[in-house]
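Colleague: structure, please.
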Amino acid sequence: ASREPVVLPFYHRGLETILPIGSKVPRIGKKNTILVGKPVKFGSLIKDCRQKHREHVARRARAAEEASTSASSSAAAAGGGGSGAGAAEAIPGDMKECYKNIMDRIEQSLKQLEKECEGLHHA
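Modeller: Below is the predicted model of the structure:
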């Protein structure tokens, strides 16, 4: 878990002509282009996400501990209990932003591969 994940992007064009949906036998003589890119480099994005995750887990643990030590049985019944459901389970905005940044990096790589692959396929 301490190593950076490896994302190896690839893009293909023409497979739908070789084995169309519903076809049982591949068609021959059709052009197919597959382009495999370089592994996506995340830089500090993964490190930042891991740190935000640790902070989120610590906040949830503190909140759960505080709720269990300070809530009386009557307050828990009136407040719906302290089960941790609902908002406590939501992904915080800083974590969503972190995930979005990672997906944006992957998307950039795929868009570049798409452009290159389309050029090769139609050459």
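
Colleague: wasn't residue 34 part of a strand?
Modeller: Yes: secondary structure of residue 34 (DSSP: H, G, I helix; E, B strand; the rest coil): part of a strand.

Colleague: can you report how many residues neighbour it?
Modeller: 13 (other C-beta atoms under 10 Å). Bear in mind the C-beta positions are built from the backbone N, C-alpha and C, glycine included.

Colleague: separation between it and residue 69?
Modeller: As defined by C-beta to C-beta, to the nearest Å, residue 34 lies at a distance of 58 Å from residue 69.

Colleague: check residue 91 too.
Modeller: Applying C-beta to C-beta to residue 91 and residue 69 gives a distance of 26 Å.

Colleague: between these two, who's got more neighbours?
Modeller: residue 91 (10 against 7).

Colleague: chain center to the host helix or strand of residue 62, what's the gap?
Modeller: Element membership for residue 62, per DSSP states H and E: helix 45-70. A distance of 20 Å separates the centroid of the chain from that of helix 45-70, by C-alpha atoms, centre = their mean, to the nearest Å.
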